[in-house]
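[1] below: sequence and its predicted model.
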Amino acid sequence: MIIIVLIILSILTYVSWMNINNRTTRFVAGLISFGLLMVTILFLTANMNSHYGMKQVTTSSEKTIYSAGGSKSPAGMLITQQLGTKADNYVMIYADREDKKAKPHFVPDKKNMTEAVHKRATYQTADVDKATVKTVTTRWEWRNDFFKLMLGFGGEGHSLVKQTATVTVPEKTWVILSAKQAKQLTAKQQMAAQDKTAAAAQQKQMREGVQAKVATYLKANPKASANDVADYTQQVTAEMTAAAMKQMLK
């Protein structure tokens, strides 16, 4: 709309100064039309330079994510690949659903680098029960319908200011590793599985360790329900599995 207004005011300014014979009328009409033209130009310039007529709107969403190693392993796995050498920005592999295959997330869109440079993804560990990804997005939005009508010709509305995704995983039951480390871990696990005697001994050690911890838990919580015991057993198994995986990476 503002382009149409600029064209009309430009025409009115020209007509006022060039086609009105009465000196007073020409001066008044020309001054008013020229003044309105300058105000409109300033209005447009302010929008282009500092997003005048717009405001930043921030939204956030959070969802549960699942292990890149599948659901068979008690411990969770997050595979990361840093983008660049200094930026705290990563491509991360995990599953969106427990029954789905893991896939890369936060891969920069090379076809839309204008938005890609405003996006960042990082990770952290915390004392939590499940892994999540929280996405915080800030966009430019029109303050009201008037500004949208006047200035919404270039698609500025809903344009991205910044987007930050933070993956948070349980520090005791998940393992964070690079793509290279993931390959090394898989190779070591396959080699260990080939030695059936050593594998059986390791499984026995794991089983006995879990049983010992559960026995201690029951002693401290004699009134624990069957569900509580099952949850604790699953937790301990995941913790010991994650610890074993971390040890294999050393």
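    Received, thanks. Numbering: from 1, shown residues only.
[2] helices or strands up against the helix ranked longest in the chain?
    Secondary structure of the chain per DSSP state H: the longest helix is helix 23-50. For helix 23-50, the contact count by 3 or more CB pairs under 8 Å, 6 or more residues apart in numbering; DSSP states H and E identifies helix 2-19, helix 145-151 as packing neighbours. Every C-beta, even on glycine, is put in place using the N, C-alpha and C of the backbone.
[3] of all those helices, which lies closest to residue 165?
    Nearest of the helices and strands packed on helix 23-50 to residue 165, taken as CB to CB: helix 145-151 at 28.5 Å.
[4] got the buried residues for the closest one?
    By 16 or more other CB atoms under 10 Å, the buried positions in helix 145-151 come out as 147, 148, 150, 151.
[5] secondary structure element for the residue nearest to residue 59 when sequence neighbours are not counted?
    Distances taken as CB to CB, 6 or more residues apart in numbering put residue 137 closest to residue 59, at 5.4 Å, once the chain neighbours are dropped. Here residue 137, judged by DSSP states H and E, is contained in strand 132-142.
[6] just the CA atoms from that strand would do, formatted as PDB, please.
    Below are the C-alpha coordinates for strand 132-142, written out as PDB (Å, rounded to 0.1, in the frame of the first residue of the first chain):
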ATOM      1  CA  THR A 132      14.000 -32.800  25.800                       C
ATOM      2  CA  VAL A 133      14.600 -30.200  23.200                       C
ATOM      3  CA  LYS A 134      13.400 -26.600  23.900                       C
ATOM      4  CA  THR A 135      13.200 -24.200  21.000                       C
ATOM      5  CA  VAL A 136      12.900 -20.400  21.600                       C
ATOM      6  CA  THR A 137      12.100 -18.400  18.500                       C
ATOM      7  CA  THR A 138      11.900 -14.600  18.100                       C
ATOM      8  CA  ARG A 139      10.300 -13.100  15.000                       C
ATOM      9  CA  TRP A 140       9.400  -9.600  13.800                       C
ATOM     10  CA  GLU A 141       5.600  -9.200  13.700                       C
ATOM     11  CA  TRP A 142       3.400  -6.200  12.800                       C
END
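[7] ok, that strand: who's next to it in the sheet?
    strand 54-64 (antiparallel), strand 159-170 (antiparallel) (DSSP bridges).
[8] any chance of the ones you listed in JSON lines, plus mean neighbour count and mean pLDDT?
    JSON lines is the format used below for the strands paired with strand 132-142 (neighbours: other CB atoms under 10 Å; pLDDT from 0 to 100):
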{"stretch": "strand 54-64", "mean neighbour count": "12", "mean pLDDT": "96"}
{"stretch": "strand 159-170", "mean neighbour count": "18", "mean pLDDT": "95"}
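[9] could these be laid out in TSV, adding distance to residue 213?
    Output for these, formatted as TSV (distance: least, CB to CB, whole Å):
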stretch	distance to residue 213
strand 54-64	26
strand 159-170	17
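[10] among those strands, which is nearest residue 85?
    Per CB to CB, nearest to residue 85 of the strands paired with strand 132-142: strand 159-170, 19.7 Å.
[11] list the contacts of the closest one.
    For strand 159-170, the external contacting residues (CB atoms under 8 Å, 6 or more residues apart in numbering) are 56, 65, 76, 78, 92, 94, 105-106, 115, 118-140, 176.
[12] tell me the one among the buried residues of helix 145-151 nearest to residue 84.
    residue 151 (35.3 Å).
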